[in-house]
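Trainee: build me a model from this:
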Amino acid sequence: MKVVIVGGVAGGASAAARLRRLDENAQIVVFERTGYVSYANCGLPYYIGGVIKDREDLTLQTPQSFKERFDIDVRVLTEVVSIDRAAKKVAVRDLTTGATYEESYDKLILSPGARPIVPDVKEADSDKIYTLRTVEDTFRIRDAAISKGVRSAVVIGGGFIGIETAENLREAGLYVTLVQRSGHVLSPIDGDIASFLHNRIRKFGVDLRLNSALLGFEEEGGRIRVLLKNGQPVEADMAILAIGVTPESALAKEAGLEIGVKGSIVVNDRMQTSDPDIYAVGDAVSITNTVTGGKAVISLAGPANKQGRVAADNIAGVDHTYKGSHAASVLKVFDMTAAFVGINEKTAKAAGIDYDKIIISPASHASYYPGGKVMTVKVLFTNTDRKIIGAQAVGFDGVDKRIDVIATAMQAGMKVTDLADLDLAYAPPYASAKDPVNMVGFVAENVLEGKVKQFYYEDLPSLKGADVTLLDVRTAEEYARGHAEGFNTNIPVDELRDRASEIDRSKPLYLMCQSGLRSYIACRMLMQKGFDCYNFAGGYRLYSSIAKSEFDSACATDCGVNRAK
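Mentor: Below is the predicted model of the structure:
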C-alpha cells in the first residue's frame with residue numbers, strides 16, 4: 001500500500017508517524033511546500049520575542065529524522081498542484097527547480113492547513129506588512145523586528161496569533177499597537193472576561209485599540225501607516241496581519257471533493273472525504289462542534305493531531321472515529337493566563353440555547369498559603385438539563401488546570417451541579433479544600449435551586465433611576481477605595497444583622513462585594529428576613545475590570561493615544 005500525504009506539521013506528520021507504527025510495509029510519501037515538515041507551530045511567536053532562542057528548537061522532525069526513524073519519504077519545498085482521482089495520482093511541483101512530475105497513491109491524506117486572511121485593502125501587499133503562519137514567516141518577522149532603526153510595530157487582529165505576536169514584539173523591545181475590529185480581544189470568550197486581558201495588555205505597554213476596523217495602509221517616509229475606521233491612523237515601522245485564517249481547500253475543491261462551512265473540506269467521523277480513498281485532517285476540515293452539534297472549523301493543534309491518528313488508523317484497518325471537539329484552549333497573555341472551552345454567550349444566544357451563567361472569583365490555592373492569586377471563572381450551562389456548554393477563566397496560577405477539569409466533565413456528559421461532587425487533589429500550595437471547580441458546582445446548585453438570584457454588569461444601566469436599593473457590603477475601607485456607580489450605601493456584611501432595619505424592605509435589593517461571596521452570604525441572610533435580594537455575579541473585582549477596560553478603550557479612541565509613534 002502506498003500512502004501520499006499532502007502537508008506536514010500537526011495533522012500530516014502525526015498521520016505519517018502513526019501509519020508507520022501500524023504498518024511497517026507501507027510506502028509513505030509526505031509532500032510539504034514549506035522548508036519544514038514538522039515544527040512547533042504554536043511556538044512560532046515565542047521565537048520572535050526571543051523566549052525560544054535557537055531556531056533549531058522550533059523543528060520537531062526533519063526529512064532526515066523521518067527517514068531514519070520511520071522510513072518515511074519526506075519531500076519539502078514541494079507542492080502538490082492537482083489531484084487526478086480517477087488515475088489516483090497527484091501532480092507535484094518542485095519549488096526549488098520548478099520541475100513537475102506525478103506520484104501515484106492508493107490512499108491520499110490531505111493536510112494542507114489554512115492560510116492567513118489578507119484583506120482586500122490599499123497597500124496590503126507592502127513589504128512592511130507580514131503574516132505569521134510558517135517557520136519562514138517567523139524568521140522574516142524576527143529579522144525585521146531586530147533590524148536597525150525598527151522601533152515600532154502594529155499588529156492587526158486580537159486573536160491567538162495577534163495577542164502572542166504583540167506580546168513577543170513587546171518583549172523584543174518594540175513599541176506595539178494591537179488593533180482589534182470588535183469590542184474585545186479573543187472572540188471565543190466574552191467581553192466581561194476579556195476585560196482582564198485588555199487591562200493586562202495595556203499594563204505591559206501595548207496600545208490596544210478596540211472597535212477599530214482596518215481600512216487600509218499607506219507608506220510614507222519608510223514607515224507604514226495603518227488607517228482605521230474609528231480612530232486616528234497608527235504609524236509604525238512594520239505591521240503584522242493576524243486577522244484570522246481560512247481553510248486551504250483549493251486543491252480539494254478543484255478535485256471535486258465536497259466542500260462545507262467556511263470553504264472547509266467535508267469529512268466523516270473517520271476523516272474520509274467524499275472520495276473514500278482520500279482523507280483530510282487539520283485546519284482545512286470541518287468537524288463536529290460537540291457543544292452545538294453543528295459543523296465548525298476549529299484550527300487547533302490538539303484536534304489536528306488526533307485527526308491525523310484517526311485517519312492513519314482507518315487506512316491501516318483499525319476502526320477509529322473522531323468524535324469532534326469542544327475547542328479547549330489556553331493562551332499566555334504576558335504574565336496572565338486565559339483558558340476556555342465550549343461556546344460563549346454570543347454563540348449560545350445565536351443558537352437559541354436557554355442558558356444561565358455563573359461568575360466566581362476564587363483563589364488559585366488556599367488563601368493562608370503564600371502566593372495565592374485570584375482568578376475569575378465563568379461557566380455557562382443549560383437551564384433544562386444543566387449541561388455545561390462553556391467555561392472561561394483568566395488569572396495567573398491554576399487557570400489551565402480548572403478549565404481542563406471542566407473540559408473533561410463536558411466530554412463525560414456531566415451536569416454543572418456534578419462539579420460540586422468531584423474529588424480533586426488538594427494541598428495548600430496547589431488548591432483549596434473546596435476547589436474552584438467545586439465552587440462552580442456549589443454556586444450552580446444555589447442558582448438552580450433558587451437560593452440566590454443574580455444580576456450582571458449588563459443589567460446595571462437598567463437599575464439607574466429604578467426604585468431599587470443598591471448596597472455594597474464590603475468593609476468601609478474597601479468601599480472608600482472605590483465602588484460601583486450608584487452603590488451609594490455601604491453596610492459591611494458583618495453588621496447587616498444589626499442594621500437590617502436601615503434598608504427599605506419594600507424595594508428590590510441589589511448587593512455587591514469584592515468577589516460575590518460576601519454578598520451571597522448577605523443575600524441568604526436578608527432573603528430569610530423577607531428581602532427580595534439579588535447578588536452581583538463576579539463582584540466589584542469584575543465590575544472594576546470592565547469599567548477600566550471601557551474607559552481606557554474610549555480614551556484610546558477619543559484621546560488619540562499612540563504609543564507606537
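
Trainee: which residues touch the closest residue to Ser545 other than its chain neighbours?
Mentor: Ranked by C-beta to C-beta, 6 or more residues apart in numbering and with sequence neighbours excluded, the top spatial neighbour of Ser545 is Ser195, at 4.5 Å. Placement of C-beta: from N, CA and C, glycine included. The contact partners of Ser195, taken as C-beta atoms under 8 Å, 6 or more residues apart in numbering, are His184, Leu542, Ser545, Ile546, Lys548, Ser549, Glu550.

Trainee: doesn't Cys3 fall inside a strand?
Mentor: Check again: residue 3 is Val, not Cys. Yes - membership of Val3 in a strand is supported by DSSP: H, G, I helix; E, B strand; the rest coil.

Trainee: show me the contacts for it.
Mentor: Leu19, Ala26, Gln27, Ile28, Val29, Tyr105, Asp106, Lys107, Leu108, Ile109, Ile315.

Trainee: which non-adjacent residue is nearest the second one?
Mentor: Excluding its sequence neighbours, the residue lying closest to Ala26 (C-beta to C-beta, 6+ apart) is Met1, at 5.0 Å.

Trainee: how close does that neighbour sit to Asn438?
Mentor: Separation of Met1 from Asn438 (C-beta to C-beta, to the nearest Å): 51 Å.

Trainee: also Gln392?
Mentor: Counting by C-beta to C-beta, the gap from Gln392 to Asn438 is 18 Å.

Trainee: compare neighbour counts for those two and give me the winner.
Mentor: Remark: of Gln392 and Asn438, Gln392 carries more neighbours, 28 against 21, as counted by other C-beta atoms under 10 Å.

Trainee: where's that one, which helix or strand?
Mentor: Using DSSP states H and E, Gln392 falls within strand 388-395.

Trainee: and the next helix or strand after that strand with strand 388-395, angle?
Mentor: Sequence order places helix 399-411 as the next helix or strand after strand 388-395, per DSSP H and E. Using axes from the mean of the first three to the mean of the last three C-alpha atoms, to 10 degrees, one finds that helix 399-411 and strand 388-395 are set 180 degrees apart in direction.

Trainee: which ones among the contacts of Val3 map onto strands?
Mentor: Gln27, Ile28, Val29, Lys107, Leu108, Ile109 (DSSP state E).

Trainee: just the buried residues out of those, in ChimeraX syntax.
Mentor: Entered in ChimeraX, the line below selects the buried ones among the ones in strands among the contacts of Val3, by 16 or more other C-beta atoms under 10 Å:
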select :28,29,107,108,109
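
Trainee: and the ones in strands among the contacts of Val3 as CSV, adding distance to Leu251 and pLDDT?
Mentor: As requested, those are exported to CSV (distance: C-beta to C-beta, whole Å; pLDDT from 0 to 100):
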residue, distance to Leu251, pLDDT
Gln27, 21, 98
Ile28, 19, 97
Val29, 16, 97
Lys107, 16, 98
Leu108, 10, 98
Ile109, 12, 98
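
Trainee: and which of the ones in strands among the contacts of Val3 is nearest Gly12?
Mentor: Of all these, Gly12 sits closest to Ile109, with 6.5 Å by C-beta to C-beta.

Trainee: pull the number of nearby residues for Lys451.
Mentor: Neighbours of Lys451 (other C-beta under 10 Å): 13.

Trainee: that one reaches Arg524, doesn't it?
Mentor: Yes - when contacts are counted by C-beta atoms under 8 Å, Lys451 is listed as touching Arg524 (6.9 Å).

Trainee: just the C-alphas of the strand holding Gln392, formatted as CSV.
Mentor: Taking Å, rounded to 0.1, in the frame of the first residue of the first chain, the C-alpha atoms of strand 388-395 are listed here in CSV:
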residue,chain,number,x,y,z
ILE,A,388,-22.2,22.6,30.7
ILE,A,389,-21.9,24.4,27.4
GLY,A,390,-18.9,26.7,28.0
ALA,A,391,-16.3,27.9,30.5
GLN,A,392,-13.8,30.7,30.6
ALA,A,393,-11.2,31.6,33.1
VAL,A,394,-8.5,34.3,33.5
GLY,A,395,-5.9,34.6,36.2
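
Trainee: and it, what does it pack onto?
Mentor: Using 3 or more C-beta pairs under 8 Å, 6 or more residues apart in numbering; DSSP states H and E, the elements in contact with strand 388-395 are helix 191-203, strand 336-342, helix 345-350, strand 376-382, helix 399-411.

Trainee: ok, the residue nearest to Ala26 touching Lys107?
Mentor: Yes - using C-beta under 8 Å, Met1 is in contact with Lys107, at 6.8 Å.

Trainee: hey, what's in contact with both of these two?
Mentor: Ile315.

Trainee: can you read off the pLDDT for Ala366?
Mentor: You'll see Ala366 listed with a pLDDT of 89.

Trainee: wait, what's in contact with it?
Mentor: Contacts of Ala366 (C-beta under 8 Å, 6+ apart): Gly372, Pro428, Pro429, Ala431, Ser432, Ala433.

Trainee: hmm, try it at 7 Å
Mentor: Residues near Ala366 by C-beta atoms under 7 Å, 6 or more residues apart in numbering: Gly372, Pro428, Ser432.

Trainee: for the last one, which non-adjacent residue is closest in space?
Mentor: Take Ser432 and drop its neighbours on the chain: the residue closest to it by C-beta to C-beta, 6+ apart is Ala366, 5.0 Å away.

Trainee: ok, the one you found to Ser519 distance?
Mentor: Counting by C-beta to C-beta, the gap from Ala366 to Ser519 is 22 Å.

Trainee: how about the strands in the stretch 51-200 of the chain?
Mentor: 59-61, 73-76, 78-84, 89-94, 100-104, 107-110, 114-116, 129-131, 152-156, 175-179 (DSSP state E, counting those that start in this stretch).

Trainee: can you put those in JSON lines and add distance to Thr347?
Mentor: Shown next, in JSON lines, are the strands of the stretch 51-200 of the chain (distance: least, C-beta to C-beta, whole Å):
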{"stretch": "strand 59-61", "distance to Thr347": "33"}
{"stretch": "strand 73-76", "distance to Thr347": "38"}
{"stretch": "strand 78-84", "distance to Thr347": "35"}
{"stretch": "strand 89-94", "distance to Thr347": "38"}
{"stretch": "strand 100-104", "distance to Thr347": "42"}
{"stretch": "strand 107-110", "distance to Thr347": "28"}
{"stretch": "strand 114-116", "distance to Thr347": "20"}
{"stretch": "strand 129-131", "distance to Thr347": "27"}
{"stretch": "strand 152-156", "distance to Thr347": "24"}
{"stretch": "strand 175-179", "distance to Thr347": "24"}
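
Trainee: so Asp498 is in which element?
Mentor: Going by DSSP H and E, Asp498 is in helix 496-499.

Trainee: in the stretch 101-250 of the chain, which spans are helices?
Mentor: Remark: helices assigned in the stretch 101-250 of the chain by DSSP state H, counting those that start in this stretch are 135-145, 160-171, 191-203, 250-254.

Trainee: same check on the stretch 451-565 of the chain?
Mentor: Under DSSP H, counting those that start in this stretch, the stretch 451-565 of the chain gives helices at 460-463, 476-481, 496-499, 517-527, 539-558.

Trainee: tell me what the longest one is packed against?
Mentor: Counting contacts by 3 or more C-beta pairs under 7 Å, 6 or more residues apart in numbering; DSSP states H and E, helix 539-558 packs against helix 191-203, strand 207-209.

Trainee: ok, how many other residues are close to Thr273?
Mentor: Around Thr273 there are 22 residues (other C-beta under 10 Å).

Trainee: tell me the pLDDT at it?
Mentor: 98.
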